[in-house]
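Peer 1: return a 3D structure for these sequence lines:
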Amino acid sequence: MLLSGIFHTGEGIFWILCFSVALILFIAGIAYLIIQRKVRGEDLAKATVFEFIAAVILFLPGELFDNGTLRVIPVLKGTESLLTSILRTINMYMGNDYSEVALEGHPVFSTAYAALMTATNIALLVFAFGFLIKFLDGPLQKLRLLLRGKRNTYLFTDINEKTMTIAGSVPDKNRSLVFCSQGTELTPEQRERIEEMGGIYVNDPPEILIRKAQKKGEKLEIFLFGDSEDSNLSKLSELCAVFESLTPKKVRIYVELSQTPWDLYDHFLERNNAEFGDNLIINFVRTEENFAYNHLLKHSIFEGAIPQKAENGEEPARKIGVLIAGMNQRNLELFKAILHLSQMPGYRLSILVLDADPFGWEHMLQMIPEIHKSTEFSDALYDLHYFEGVDFATDKPEQAAEMYLPDFTFAFVNAEDDLMNLNLALRLQTFRYRRGQLEGYRIQVNITDRKLCTHWNTELLKNLTIVGDTASTYDYGFVTMSDIERASVAIHYVRYPKNTPEEDAAGKKPNKTWTQYCNDEYNRHSVYARTLSFKYKVAIIDEFYGSDYSITSTDRTWKIYEHMRWDVYTRTLGYVLTEQPLKDAVGKPERPLRDLAKAHSDLVPYEELDEETKSKDALKLTPEIVAILKSI
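Peer 2: As a prediction, the model looks like this:
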């Protein structure tokens, strides 16, 4: 038997006691790690302590007993033996030999005892090595950051799928991607992804990293893309406090927001610009709006427009048929963008919206009070058909399409989950095939997980375009609006050039810089919309008007349509018509009052505008501006 005769001596009892205690500690160390959801460095350190104490205890019997005789009685000698056991535990990892530890006359127990010693020391070695790797990981990452030369730094204050995707799509070859973990334990997958993209993760607070980047004088872009809007705004306040204590150089901060109204931060942006100018620029990112604009930049709604017969002697228009299946934040932003971008000479929008919400139209009116279902109202042209309470699992979508828009040229399907979206897109494709329409339209289906598409039949997906996954939504270019922003800035300085030294010397008042102009978030987003619209205009003028770009500033029709575009854009933001301009106490037009009331006196037909306001609808497409627009 394993324990036969062992309890007959004091030595045997002591061996059993040490074996039992060591076994409990050995199991406790392993069990402690198993129950942890994420194993951190301190967890490995605690488990290492468990195993080390167990290893020391296992050496004690051999130190205290010699052939059944207790070697030492005094406490001092016992302490020396304990120290010897600790040294022997450490010594075995130095490659030195040690005498066999075994209880004579009990080979079976000695074998079990030796097996426990072996297992304990293996666990001790593994846990200690794991702790050492984690302990050195931070310093190694800091060393990598220190040794990097002068590079443009892209700092991410959160580590999640969004920031990983943005970082992986940064096109800058001279980039330094820095993730601030701030005490958060990274998963092995996150570490691997960061290392694959050449990034660095450190546990330092953003303030330290910012100061290091600014000392090198390189460009710094900071991304606040946490899991909540509150967290992003809180971190923005902390960063602004940091920059008040140092002079920023070429810093841009991107903050993801979705619910916070634009105008709440106008004063903050104005104050920030007055203090730092172009050295610190803050851009609030509306992810779904950015998706809509960048998506429409790559996929023009004017492609495939259907020529219509002329009626009542009017010039024939080309029909843009848009079907939007589902209504959510992404579809809403796409809907709003298409409404105003479609206001173009020679084109007419017909749009069909399918909404599962039985009160969808009522909710739409809460957001856009002056949207109209009628085919035409005084200052914009479109046909809107809004179906609410649609069950996408039935044939209601096909029935609605058959009734109101059988010849749609563009469909965007984002109604429910990925598989429902795919099934609905395939059904719409079948609907067109059965009508003998094999081309001349595009169906885009929102799929969040592209892995679902890996083994699909490509022949069935021939007319479908997969969009909307994280990789495209949080692409660096989409998030920063880099193409549209670059073009908008360049056009701004063509229209409002900086003063020459001679003009400064003559005391000429300088034009507003782009940053000053965009103190007001409405201005920046409005200019983005206009830039995309004029990108479309250039393509249409090239195709149908012999590249005569002067018509946008000289032809009355083009001016009217540009006003209609702005009118619809402003209404989609929730503005309504007010008969009298809002004025302050001294009778001057008051922009803040107008924005608070969401009311504008210029939401009228073009003919009712004064001449000064009309002039705003005549943007001259100079060769320089045309070149800028064609570059995006």
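
Peer 1: which SSE is residue 281 in?
Peer 2: strand 280-286 (DSSP states H and E).

Peer 1: got a list of contacts for that strand?
Peer 2: With CB atoms under 8 Å, 6 or more residues apart in numbering as the test, strand 280-286 has contacts from 225, 236, 243, 248, 251-258, 260, 262, 265, 269, 272, 333, 479-481, 515, 521, 524-525. Quick note: C-beta positions are derived from backbone N, CA and C, even for glycine.

Peer 1: give me the most central residue, the protein.
Peer 2: By CA atoms, centre = their mean, the mean C-alpha position of the chain lies nearest to residue 162, the distance being 3.8 Å.

Peer 1: show me where the stretch 151-300 of the chain has its helices.
Peer 2: Ranges of helices in the stretch 151-300 of the chain, per DSSP state H, counting those that start in this stretch, are 161-168, 188-196, 206-215, 229-244, 266-276, 287-298.

Peer 1: need these in a markdown table (columns: distance to residue 414 and mean pLDDT).
Peer 2: Below are the helices of the stretch 151-300 of the chain laid out as a markdown table (distance: least, CB to CB, whole Å; pLDDT from 0 to 100):
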| stretch | distance to residue 414 | mean pLDDT |
| --- | --- | --- |
| helix 161-168 | 19 | 91 |
| helix 188-196 | 27 | 83 |
| helix 206-215 | 35 | 79 |
| helix 229-244 | 22 | 87 |
| helix 266-276 | 32 | 76 |
| helix 287-298 | 11 | 88 |
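
Peer 1: so can I have a markdown table of those showing distance to residue 175?
Peer 2: Output for the helices of the stretch 151-300 of the chain, formatted as a markdown table (distance: least, CB to CB, whole Å):
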| stretch | distance to residue 175 |
| --- | --- |
| helix 161-168 | 9 |
| helix 188-196 | 13 |
| helix 206-215 | 12 |
| helix 229-244 | 20 |
| helix 266-276 | 23 |
| helix 287-298 | 21 |
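
Peer 1: out of these, which comes closest to residue 23?
Peer 2: helix 188-196 (30.6 Å; CB to CB).

Peer 1: so what touches the closest one?
Peer 2: So helix 188-196 is contacted by 159, 164, 167-168, 177, 179, 186, 200-201 (CB under 8 Å, 6+ apart).

Peer 1: kindly recompute the last result at 6 Å.
Peer 2: 159, 164, 179, 201 (CB atoms under 6 Å, 6 or more residues apart in numbering).

Peer 1: now the first one: how far from residue 193?
Peer 2: Noted for residue 159: a distance of 10 Å to residue 193, by CB to CB, to the nearest Å.

Peer 1: and the third one, by the same measure?
Peer 2: When CB to CB is the yardstick, residue 179 and residue 193 sit 10 Å from each other.

Peer 1: more neighbours: these two, which one.
Peer 2: When neighbours are counted by other CB atoms under 10 Å, residue 179 and residue 193 differ, and residue 179 comes out ahead with 26 against 19.

Peer 1: how far away is the closest residue to the more buried one other than its chain neighbours from residue 222?
Peer 2: Leaving aside its sequence neighbours, residue 179 sits nearest to residue 201 (CB to CB, 6 or more residues apart in numbering; 4.3 Å). Separation of residue 201 from residue 222 (CB to CB) stands at 15 Å.

Peer 1: quick one: pLDDT of residue 566?
Peer 2: For residue 566, the model assigns a pLDDT of 92.

Peer 1: list phi and psi for residue 12.
Peer 2: Main-chain torsions, residue 12, degrees, to the nearest 10: phi -60, psi -40.

Peer 1: check residue 599 too.
Peer 2: phi -130, psi 140.

Peer 1: tally of neighbours for the nearest residue to it once chain neighbours are set aside?
Peer 2: Take residue 599 and drop its neighbours on the chain: the residue closest to it by CB to CB, 6+ apart is residue 578, 3.8 Å away. For residue 578, the count of nearby residues is 15 (other CB under 10 Å).

Peer 1: many thanks, I have nothing further to ask.
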